[in-house]
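K.L.:
pasting the structure only:
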């Protein structure tokens with residue numbers, strides 16, 4: 001494929017999605033995403049390495065040593081794989097690339113070879129990729145079947161990704177983020193196909209864009225997502241800035257999803273991202289000088305009403321995150337909210353979190369925490385979203401915006417629940433819906449049947465209940481009925497009915513009935 005070939009995003013998305021046919025009906029979608037996305041990552045770094053190697057060979061006129069030294073300073077190092085007998089005899093030697101595996105696609109031990117290549121790549125790029133491939137086994141009989149079937153599936157997978165149109169060399173891609181877009185496309189498709197399991201690691205694109213715009217990330221900001229999933233929300237925030245002058249931080253408790261996040265940030269060229277693996281509530285990993293790191297922007301779409309979130313540990317939290325109260329044992333929403341607020345910078349830190357509506361009005365421990373957050377003048381806005389936006393759940397959600405160091409004393413409520421595009425499986429926010437929410441938030445204005453700026457006293461009068469209909473009246477008055485006109489219409493219909501009946505009686509008599 002020539003370097004001036006125009007990349008077609010839809011075409012490449014289709015090739016990658018077609019590769020999923022290898023696993024459909026055999027492996028659960030929540031599992032086969034790992035194989036597809038890892039293979040896409042391998043193809044990307046292999047094509048990039050081949051491209052650079054050819055460039056340096058031209059530049060250094062075939063001087064192999066200078067080419068080798070230059071390649072060692074690239075974003076990803078591709079090591080040489082040595083296959084040996086037990087006595088140490090080398091039986092095969094090849095670069096740890098997709099192309100090398102494709103050439104060996106008919107090998108009886110192709111699953112072992114793929115694992116070996118990934119291990120070598122991880123070891124050679126330890127600072128970036130340590131443990132990223134540890135949960136993914138291409139030689140798994142449990143996931144991929146017995147040897148003959150497994151080998152056939154992996155052969156088909158390699159052949160799908162060898163499609164000449166799937167050319168991911170930088171000289172072909174140019175400045176287009178084709179690989180990042182393909183990766184995000186696949187993650188979204190896996191989320192919709194695998195229901196709740198998929199939705200746990202992906203925030204729908206339009207919702208992520210809206211939240212990223214609401215928190216207004218700026219150059220130089222430290223941005224964090226403490227429940228980052230595949231890191232799509234972090235990437236959307238970074239894309240708002242327009243330069244590389246920012247830093248990204250995230251934490252994810254699921255090992256496979258953490259690996260996706262690590263690959264995703266690299267594929268989107270967010271090399272300044274630090275993604276930690278672990279439970280944010282029980283074991284926060286983003287620590288600085290033995291304290292929680294603080295950030296200019298904190299965003300998250302944490303799991304809704306998580307049970308067994310770490311209640312027992314929270315009572316003795318060494319970081320004192322729960323000084324406003326400990327959330328109930330069976331619902332962890334306010335555990336994540338509290339963590340996020342505590343990790344926002346005191347001077348202007350912004351927090352944006354997606355929550356179920358119960359967070360707005362439930363009482364008990366949650367009510368007390370909510371009251372304290374409001375009385376500390378931290379809550380900035382409450383935005384109600386349409387139902388059925390999120391993969392795996394049809395319930396409507398809301399966005400809460402908190403700000404440290406707020407000058408305003410009132411709270412903006414927006415009811416955006418009725419404006420969206422109705423989809424077959426999921427509803428989605430349209431561009432104009434996002435724009436309207438943002439304009440209302442930025443202008444901080446009351447709009448009839450859409451938004452309302454509530455004073456702190458009004459919120460107090462409502463006993464700190466943030467249920468949006470208490471503030472935004474969306475009741476539509478019915479049109480007045482003209483009784484006289486309706487009566488006249490009824491009389492006309494009755495007259496017509498009498499005439500029809502008279503005609504029917506005549507027809508029946510003619511027929512002798």
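P.N.:
Everything's here; your move. Note that this is a predicted model, so its numbers are computed, not measured.
K.L.:
what about the strands in the stretch 251-400 of the chain?
P.N.:
Ranges of strands in the stretch 251-400 of the chain, per DSSP state E, counting those that start in this stretch, are 273-277, 287-288, 291-292, 297-300, 350-356, 379-384, 397-403.
K.L.:
which residues are in contact with the first one?
P.N.:
Looking back up the chat, that one is strand 273-277. 131, 228, 231, 234, 247-253, 255, 258, 261-262, 265, 285-286 (Cβ atoms under 8 Å, 6 or more residues apart in numbering). Glycine gets a C-beta too; all of them are placed from N, C-alpha and C.
K.L.:
Could you report the neighbour count for residue 422?
P.N.:
9 (other Cβ atoms under 10 Å).
K.L.:
Tell me the spacing between it and residue 430.
P.N.:
10 Å (Cβ to Cβ, to the nearest Å).
K.L.:
Going by residue numbers, what spans are strands in the stretch 401-513 of the chain?
P.N.:
Under DSSP E, counting those that start in this stretch, the stretch 401-513 of the chain gives strands at 411-415, 451-454.
K.L.:
would CSV of those strands with mean neighbour count be doable?
P.N.:
Compiled in CSV, the strands of the stretch 401-513 of the chain are given as follows (neighbours: other Cβ atoms under 10 Å):
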stretch, mean neighbour count
strand 411-415, 23
strand 451-454, 20
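K.L.:
okay, those in TSV with mean pLDDT and distance to residue 491 next?
P.N.:
What follows is the strands of the stretch 401-513 of the chain, written out as TSV (pLDDT from 0 to 100; distance: least, Cβ to Cβ, whole Å):
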stretch	mean pLDDT	distance to residue 491
strand 411-415	98	43
strand 451-454	98	46
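K.L.:
Looking at these, which is nearest to residue 51?
P.N.:
Across the strands of the stretch 401-513 of the chain, residue 51 has its closest neighbour in strand 411-415 (47.1 Å, Cβ to Cβ).
K.L.:
so who does residue 312 touch?
P.N.:
Applying Cβ under 8 Å, 6+ apart, no residues contact residue 312.
K.L.:
So for it, what pLDDT did the model give?
P.N.:
Predicted confidence (pLDDT) for residue 312: 93.
K.L.:
and what of the one 5 residues further on?
P.N.:
With respect to pLDDT, residue 317 scores 95.
K.L.:
now do residue 218
P.N.:
So residue 218 comes in at 96 (pLDDT).
K.L.:
one step back: now list the buried members of the contacts of strand 273-277.
P.N.:
By neighbour count, with 16 or more other Cβ atoms under 10 Å, the contacts of strand 273-277 hold 228, 231, 234, 247-253, 258, 261-262, 265, 285-286 as buried.
K.L.:
Of the residues you listed, which pair is most distant in space?
P.N.:
The most distant members of the buried ones among the contacts of strand 273-277, if one measures by Cβ to Cβ, are 247 and 253, lying 21.6 Å apart.
K.L.:
which of the strands of the stretch 251-400 of the chain sits most buried?
P.N.:
Among these, ranked by average contacts under mean count of other Cβ atoms under 10 Å, first place goes to strand 297-300 (a mean of 27).
K.L.:
I'd like the distance from it to the chain centre, please.
P.N.:
With Cα atoms, centre = their mean, to the nearest Å as the basis, strand 297-300 stands 13 Å off its chain's centre.
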